[in-house]
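K.L.:
only geometry, no sequence info:
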């Protein structure tokens, strides 16, 4: 029998031939036996243990031999780490060291260090760094002796791509007998977090004729506040500066001249850095910096300032896009997700009348269909066939000679119903020649020619 001490020792008694001895086997005088000793775990400090071997001799249990085992100090210490909360969506990494130290009196051969997990998602969150800075999951060593008192430190990185807490095993493989079977284990821990906010160009004025919309007419001044909303950025996000685009219909607004095109709010500096014509739309780039530190409040960062134009378009959005943040050091930040809320604009008609906008849109209040017959003589008058598109439109018809003089008023300014109309153009008193008939409204006019032969 064997008496097992602490620390745990595993032992096997064998004959020199390798055949195991079992309790009850006979040991004859002069026989040699082999006791194989294995230390099952690392021990702290030198440890000497005695393993008595006993058996039945003259019908009593008596000691046959004692094996002395010296468990040498193999004090190897490994160190993992807990990463601080780390932002996701980019390699905004928290880097630190994993290490192994030999506190013992004998050298050990360091074979490799590996990150071990059964989860592919967890594996994506951590890496080791080799001497060239490459990110690897396993780092092998060639003939690396870990001398007594020596520490090997390896950079490791937590660069989360997902939100949540992650834990991965760091396995230190050591070789003390020509094979890679001695392992120390430690752990890396990390928590991936994200930052989300929103920017809006919507009208915050509760007294707007249409809540949330901007309403104005030609020649009005219009300021569009640009602000953070819903969720404020945290100071640890270190968002010192933000750059973004705002796009709107070009014909509806005239951006004020510098430096009045953009007015930063208190605590901010900011300018319009670029203006691009996108085929009917205009895009401006705005660069804003918080002078007091990281952006953390649901602030209006500044106002875009316009003069409203009279245009055929009546509505436009102010669309925020390409929001990019920069930290205190000027590095771009990619771990902040930003929703954007557009502002909406609708035009009021100038003086309450649609005439100018209809004209710009090609929607004339009247249209000449024909002037016939043409030419005419003294016995026949030409007839002007025209259409009034907008009901109750004031219409006037005049006749001009080649000198531009009014020679006849065929119809005084009269409110006219919508529809098609025919108006004879009298030629009494007119001499032979070419004449212009002009159909006019308060906002438009169009003409047709006829020739008179007498």
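P.N.:
Ah, there it is. Every value quoted in this text rests on a predicted model; they were computed, and no experiment measured them.

K.L.:
beta partners of residue 343?
P.N.:
residue 318 (DSSP bridges).

K.L.:
number of nearby residues for residue 164?
P.N.:
13 (other Cβ atoms under 10 Å). Placement of C-beta: from N, CA and C, glycine included.

K.L.:
let me redo that: residue 444
P.N.:
16.

K.L.:
how about residue 437?
P.N.:
Using other Cβ under 10 Å: residue 437 sits among 22 other residues.

K.L.:
so it touches residue 397, yeah?
P.N.:
Yes - with contact defined as Cβ atoms under 8 Å, residue 437 reaches residue 397; the gap is 6.5 Å.

K.L.:
joint contacts of the two?
P.N.:
Counting by Cβ atoms under 8 Å, 6 or more residues apart in numbering, the residues touching both residue 437 and residue 397 are 384, 410, 425.

K.L.:
between these, which is closest to residue 149?
P.N.:
Nearest to residue 149 out of the shared contacts of residue 437 and residue 397 is residue 384 (Cβ to Cβ; 111.5 Å).

K.L.:
point to the residue nearest the middle of this structure.
P.N.:
Centroid check for the chain by Cα atoms, centre = their mean gives residue 337 as the closest residue, at 4.3 Å.

K.L.:
that older thread, if any of the shared contacts of residue 437 and residue 397 are buried, put those into a PyMOL selection.
P.N.:
A single PyMOL command suffices to select whichever of those are buried according to 16 or more other Cβ atoms under 10 Å:
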select buried, resi 384+410+425
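
K.L.:
now the shared contacts of residue 437 and residue 397 in TSV, with pLDDT and distance to residue 205?
P.N.:
Listed next are the shared contacts of residue 437 and residue 397 as TSV, based on pLDDT from 0 to 100; distance: Cβ to Cβ, whole Å:
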residue	pLDDT	distance to residue 205
384	95	50
410	94	51
425	94	54
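
K.L.:
do you know the pLDDT at residue 272?
P.N.:
pLDDT recorded at residue 272 is 97.

K.L.:
quick one: contacts of the helix or strand hosting it?
P.N.:
Per DSSP states H and E, residue 272 falls inside strand 268-277. Contacts to strand 268-277, defined as Cβ under 8 Å, 6+ apart, come from residues 243, 250, 255, 258-259, 261-262, 264, 282-291, 299, 301-302, 304.

K.L.:
buried residues, that strand. List them.
P.N.:
By 16+ other Cβ under 10 Å, the buried positions in strand 268-277 come out as 268, 270, 271, 272.

K.L.:
just those residues now: which is nearest residue 234?
P.N.:
residue 268 (18.4 Å).

K.L.:
show me the contact partners of stretch 133-144.
P.N.:
109-115, 123, 127-130, 152, 154, 157.

K.L.:
is the closest residue to residue 402 other than its chain neighbours in a helix, a strand, or coil?
P.N.:
Leaving out its chain neighbours, the residue that sits closest to residue 402 by Cβ to Cβ, 6 or more residues apart in numbering is residue 434, at 6.0 Å. Of the three states, residue 434 takes strand under DSSP: H, G, I helix; E, B strand; the rest coil.

K.L.:
so what's residue 434 bridging to?
P.N.:
residue 451.

K.L.:
and for residue 114?
P.N.:
residue 138, residue 171.

K.L.:
that one touches residue 168, doesn't it?
P.N.:
No - assessed by Cβ under 8 Å, residue 114 is found out of contact with residue 168, at 10.1 Å.

K.L.:
still on that earlier bit, narrow the contacts of stretch 133-144 to just the buried residues.
P.N.:
109-115, 127-129, 152, 154, 157.

K.L.:
kindly indicate which of the residues you listed lies nearest residue 78.
P.N.:
residue 113 (9.1 Å).

K.L.:
distance of that closest one relative to residue 141?
P.N.:
8 Å (Cβ to Cβ, to the nearest Å).

K.L.:
give the residues shared as contacts by the two.
P.N.:
Shared contacts of residue 113 and residue 141, defined by Cβ under 8 Å, 6+ apart, are absent.

K.L.:
so where is the stretch 51-200 of the chain shaky, pLDDT-wise?
P.N.:
Applying pLDDT under 70 to the stretch 51-200 of the chain flags residues 51-75, 90-93, 176-182.

K.L.:
what bridges to the closest residue to residue 278 other than its chain neighbours?
P.N.:
Among residues not flanking residue 278 along the chain, residue 247 sits closest, at 7.0 Å (Cβ to Cβ, 6+ apart). On the basis of DSSP bridges, residue 247 is bridged to residue 283, residue 319.

K.L.:
you'd agree residue 247 is up against residue 281?
P.N.:
Yes - if you go by Cβ under 8 Å, residue 247 and residue 281 touch, sitting 5.4 Å apart.

K.L.:
of the two, who's got more company?
P.N.:
Neighbour count, other Cβ under 10 Å: between residue 247 and residue 281, residue 247 has more, with 19 against 15.

K.L.:
residue contacts, the more buried one?
P.N.:
278, 281, 282, 283, 284, 317, 318, 319, 321.

K.L.:
per-residue confidence at residue 233?
P.N.:
91.

K.L.:
phi, psi for residue 401 please.
P.N.:
Note on residue 401: backbone dihedrals following degrees, to the nearest 10 are phi -90, psi -180.

K.L.:
hmm, it is touching residue 437, no?
P.N.:
No - Residue 401 lies out of contact with residue 437 (Cβ under 8 Å); the separation is 11.5 Å.

K.L.:
got the phi/psi numbers for residue 121?
P.N.:
Dihedral angles for residue 121 - degrees, to the nearest 10 - are phi -60, psi -40.

K.L.:
three-state assignment of the residue lying closest to it once chain neighbours are set aside?
P.N.:
Sequence neighbours aside, residue 162 is the residue nearest to residue 121 in space, at 6.4 Å (criterion: Cβ to Cβ, 6+ apart). Under three-state DSSP, residue 162 falls in the coil class.

K.L.:
ok, back up a step: run the chain-centre distance for the strand holding residue 272.
P.N.:
Its chain's C-alpha centre and that of strand 268-277 lie 21 Å apart, by Cα atoms, centre = their mean, to the nearest Å.

K.L.:
strand partners of that strand, parallel vs antiparallel please.
P.N.:
Strand 268-277 sits in its sheet next to strand 281-290 (antiparallel), going by DSSP bridges.

K.L.:
buried ones in the strand it pairs with?
P.N.:
Using 16+ other Cβ under 10 Å as the test for burial, strand 281-290 gives 282, 283, 284, 286, 287, 288, 289, 290.

K.L.:
before we move on, what about stretch 20-30?
P.N.:
The neighbour-count check on stretch 20-30 (16+ other Cβ under 10 Å) flags residue 21 as buried.

K.L.:
what's the end-to-end length of it?
P.N.:
18 Å (Cα to Cα, to the nearest Å).

K.L.:
could you shift the numbering so residue one becomes 877, and keep it that way?
P.N.:
Happy to do that; since the first residue is 877 now, the last one works out to stretch 896-906.
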